[in-house]
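Please find the sequence and the predicted model below.
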Protein chains: 2
Amino acid sequence: MEATKTTKKRQIELREARLLEKAGEILLNEGLAELTMERLAEELETAKGTIYNHFPNREEVLLTLAVKAINKRLALFDTASMSQGNPKERMLAVNVACEIYVVHYPQYFMVENIVRHSAIWDRGSEDRRNLLKSEEGRCMTLVSGIVRAAIASGDLKLPAGISPEEMALSMWSLTYGSYLINITSPSLKDIGIHDVYRAVRVGCCKTVDGYGWKPLWTEEEHAQKFTKIRETVFPDEKGLSHE
Amino acid sequence: MEATKTTKKRQIELREARLLEKAGEILLNEGLAELTMERLAEELETAKGTIYNHFPNREEVLLTLAVKAINKRLALFDTASMSQGNPKERMLAVNVACEIYVVHYPQYFMVENIVRHSAIWDRGSEDRRNLLKSEEGRCMTLVSGIVRAAIASGDLKLPAGISPEEMALSMWSLTYGSYLINITSPSLKDIGIHDVYRAVRVGCCKTVDGYGWKPLWTEEEHAQKFTKIRETVFPDEKGLSHE
DNA sequence: GATAGAAATTGACGAATTGTCATTTTTTTG
DNA sequence: CAAAAAAATGACAATTCGTCAATTTCTATC
């Protein structure tokens, strides 16, 4: 009885996991338009009503996937921000985390962008929305925490009236903006952008340099730091197959 | 006859303009979900079939609006890149152009982001898509042209292997990313970002500083440049009512 | 293991929206 | 003014969402 109950519950949980995984796949490979409730039902070999037993509407499927996505991102950011090294090295580690996130979990990056659209955002449940907002806040807190640490240690001095969060926004938006342009602009190569990942790395280093964030390193040293971070902080996420 | 013909043609053109304007309004004030073909028909006091006489589908309405949007952006960028001053000043002018674009034409900024989604992008006509891509390319060319000018004049030296376009991407994505986060993240104030426009201006200056783009200016001087550019290059776009 | 009640599943259905097209109305042309 | 061309109309088919009453499966108790 106890065992059977657990079995059924587990079955349902398992189905929900399969559902979310399948949703991510469809999203990535076939686009949002193909992600219909009936399609999900077919894929899971069940009836549409059952899908609605899991989620009250389509948007909630996407929001739930987005929660999974941001949790993954948070985990990567966390690893980065807890890594060995001075604040600047940890900031670069966040950069590597972003790169890993975008390259290894493209469906997550995609869904995070999709749910930002009001058409979807507004229809999700309050709870799920708040969860997403709070997780996003935690990501920002992690990064701005590194900025604060740099200020505390004297490595960085911000311009008057600029908060650590506003400095962190520079880093985050440069990275986020570039990767977003990368996945939505069909042919960056044609307009002279050959390696968007390297461009982002260099851009972030230059921005950090512009703020006068110490220790100051040469381009060569920066590049070595990135290589080292990837090996030591994220040894498990191998094979960053750029394009 | 000739006169009547012109009258009718003009009527139709006028309606198309009204349609696009109305679509922009609905998009901005009520969101994408409210922008239905029937709603547009009602607003224009005509039948649904007539709307389909103008556009083959809903996505094409959005793509057409996006073309208007990017043309406006291109015009602003053009004004900026043709302005008086050294390359660095012109780059800052592009920054001001972005700010004006986002603040004064929010529906345009919105629609540019909406059409990037594959669900919409893929359903538009090839022609309209190519038009958008080419206009976007021209925007990028304008900005990277300023970077090239700076290199030519010796004001800027890029790291080995970084193209002018890749440097321009840093600027563009920092700006674009920040403004996108600004309109899609409900409450930036709550997480410590009080003036996103100023944060972007400072962030861009720091990035430019990081690349060592001469002439080097103090924070004070940078701020003065922005004020001056707004007054001299864009005298008509007054009242940048930030929030 | 029989059975009553709870939980989960099902698919037909109503509602909303898209896009079509035969018919009607308006405009242009000869 | 009449015929031809162009434009407008709204009923209709198709798609998808989300609901719900009926049915099946599972759980708990004796």
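Received, thanks.

quick one: low-confidence ranges for chain A?
A:1-6, A:239-243 (pLDDT under 70).

any idea how it splits into domains?
Annotated domains of chain A cover A:1-54, A:63-232 [automatic domain parsing].

how far away is the residue of chain A at minimum distance from DNA strand C from chain B?
In chain A, the residue that lies nearest DNA strand C is A:G49 (2.2 Å; C-beta to the nearest atom of the strand). Glycine gets a C-beta too; all of them are placed from N, C-alpha and C. According to C-beta to the nearest C-beta, to the nearest Å, A:G49 and chain B sit 24 Å apart.

How many neighbouring residues does that residue have?
When neighbours are defined as other C-beta atoms under 10 Å in any protein chain shown, A:G49 has 9 of them.

what helix or strand is it on?
For A:G49, the enclosing helix or strand under DSSP states H and E is helix A:48-54.

Likewise for A:W213?
Using DSSP H and E, A:W213 is not contained in any helix or strand.

Can you get me a residue count around it?
A:W213, neighbours per other C-beta under 10 Å, totals 25.

same check, this time on A:E34
That count, for A:E34 with other C-beta under 10 Å as the rule, works out to 12.

how far away is A:A150 from A:W217?
Here the distance between A:A150 and A:W217 works out to 14 Å (C-beta to C-beta, to the nearest Å).

In contact with the closest residue in space to A:Y179 that isn't next to it in sequence, which residues?
Of all residues not flanking A:Y179 in the chain, A:V102 sits nearest, at 4.8 Å (C-beta to C-beta, 6 or more residues apart in numbering or on different chains). Contacts of A:V102 were listed using C-beta atoms under 8 Å, 6 or more residues apart in numbering or on different chains, and they are A:F109, A:Y179, A:N182.

ok so, going back, most packed of the domains of chain A?
domain A:63-232 (a mean of 19; mean count of other C-beta atoms under 10 Å in any protein chain shown).

That one and DNA strand D in contact?
Yes - shown here: domain A:63-232 in contact with DNA strand D (C-beta under 7 Å from any atom of the strand) through A:R123.

for that domain, how far is the first residue from the last?
End-to-end distance of domain A:63-232 (C-alpha to C-alpha, to the nearest Å): 33 Å.

Check the offset of it from the chain's centre.
In terms of C-alpha atoms, centre = their mean, to the nearest Å, the centre of domain A:63-232 is found 8 Å from the chain centre.

so can I have a markdown table of the domains of chain A showing distance to B:H117?
Shown next, in a markdown table, are the domains of chain A (distance: least, C-beta to C-beta, whole Å):
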| stretch | distance to B:H117 |
| --- | --- |
| domain A:1-54 | 7 |
| domain A:63-232 | 7 |
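
Helix or strand next in line after the longest helix along chain A, which one?
Looking across chain A with DSSP state H, the single longest helix is helix A:2-30. Note on helix A:2-30: by DSSP H and E, the next helix or strand toward the C-terminus is helix A:37-43.

if we can go back for a sec, secondary structure class for the residue nearest to A:Y179?
Of the three states, A:V102 takes helix according to DSSP: H, G, I helix; E, B strand; the rest coil.

how far away is it from A:T64?
21 Å.

quick one, phi psi at A:H117?
With angles defined as degrees, to the nearest 10, A:H117 sits at phi -70, psi 130.

ok, now which ones touch it?
Contacts of A:H117 (C-beta under 8 Å, 6+ apart): B:L32, B:I114, B:H117, B:T184.

What of A:T141?
B:I191.

same deal with the one 5 residues further on?
Residues in contact with A:I146 (C-beta under 8 Å, 6+ apart) are A:S81, A:P87, A:R90, A:M91, A:V94, A:A168.

give the contact list for A:E112.
Neighbour list for A:E112: A:A66, A:A69, A:I70, A:R73 [criterion: C-beta under 8 Å, 6+ apart].

Which one of the residues you listed is nearest to B:R58?
A:A66 (24.9 Å; C-beta to C-beta).

Could you grab the helix/strand/coil label for that closest one?
Going by three-state DSSP: A:A66 is helix.

same question, A:L156
What three-state DSSP gives for A:L156 is coil.

can you give me phi and psi for it?
Main-chain torsions, A:L156, degrees, to the nearest 10: phi -140, psi 140.

any idea how far the residue nearest to the spatial centre of chain A lies from B:P186?
Among the residues of chain A, the one closest to the centroid is A:R73, at 4.1 Å (C-alpha atoms, centre = their mean). Going from A:R73 to B:P186 by C-beta to C-beta gives 19 Å.

got it, and A:Y101?
Relative to B:P186, A:Y101 is positioned 22 Å away (C-beta to C-beta).

Touching, A:T64 and A:A17? I think so.
No - contact criterion C-beta atoms under 8 Å: A:T64 and A:A17 do not qualify, at 10.8 Å.

so who does A:L65 touch?
If you count contacts by C-beta under 8 Å, 6+ apart, A:L65 has them with A:L20, A:A23, A:G24, A:L27, A:Q107, A:Y108, A:V111.

go again using 10 Å as the cut-off
A:19-21, A:23-24, A:27, A:35, A:107-108, A:110-112, A:114-115 (C-beta atoms under 10 Å, 6 or more residues apart in numbering or on different chains).

Leaving aside the residues adjacent along the chain, what's closest to it?
A:V111 (4.8 Å).

residues in contact with that neighbour?
A:20, A:23-24, A:27-28, A:32, A:35, A:61-70, A:105, A:120.

one more time with 8 Å, if that's ok
Counting by C-beta under 8 Å, 6+ apart, A:V111 has contacts A:G24, A:L27, A:L62, A:L65, A:A66, A:A69.

if we can go back for a sec, any idea which of the domains of chain A gets closest to B:F234?
Nearest to B:F234 among those is domain A:63-232 (23.0 Å), distances taken as C-beta to C-beta.

measure the residue of chain A closest to DNA strand C to A:F55 for me?
Look at A:G49 and A:F55: by C-beta to C-beta, they are 12 Å apart.

repeat for A:L19
Relative to A:F55, A:L19 is positioned 8 Å away (C-beta to C-beta).

In chain A, what residue lies closest to chain B?
Across chain A, the shortest distance to chain B (C-beta to the nearest C-beta) belongs to A:G177, at 2.6 Å.

residues touching that residue, list them.
Counting by C-beta under 8 Å, 6+ apart, A:G177 has contacts B:W172, B:S173, B:L174, B:T175, B:Y176, B:G177, B:S178, B:L180.

Repeat the analysis, applying 6 Å as the threshold.
Residues near A:G177 by C-beta atoms under 6 Å, 6 or more residues apart in numbering or on different chains: B:S173, B:Y176, B:G177.

The last one sits in which helix or strand?
Counting by DSSP H and E, the element that carries B:G177 is helix B:164-184.

what angle separates that helix from helix A:164-184?
Put simply, helix B:164-184 runs at 110 degrees to helix A:164-184, going by axes from the mean of the first three to the mean of the last three C-alpha atoms, to 10 degrees.

now A:W217, nearest residue through space, not along the chain?
Spatial nearest neighbour of A:W217, chain neighbours left out: A:K225 (7.0 Å); criterion: C-beta to C-beta, 6+ apart.

which bits of chain A sit near chain B?
A:31-33, A:116, A:118-119, A:137, A:140, A:159, A:162-163, A:165-166, A:169-170, A:173-174, A:176-178, A:184, A:191-193, A:199, A:202-203, A:206-207, A:209-211, A:219 (C-beta under 6 Å from any C-beta of the partner chain).

State the phi and psi torsions of the nearest residue to A:S118 once chain neighbours are set aside.
In space, and not counting its chain neighbours, A:S118 is closest to B:G31: 4.5 Å by C-beta to C-beta, 6+ apart. Main-chain dihedrals, B:G31, degrees, to the nearest 10: phi 90, psi 170.
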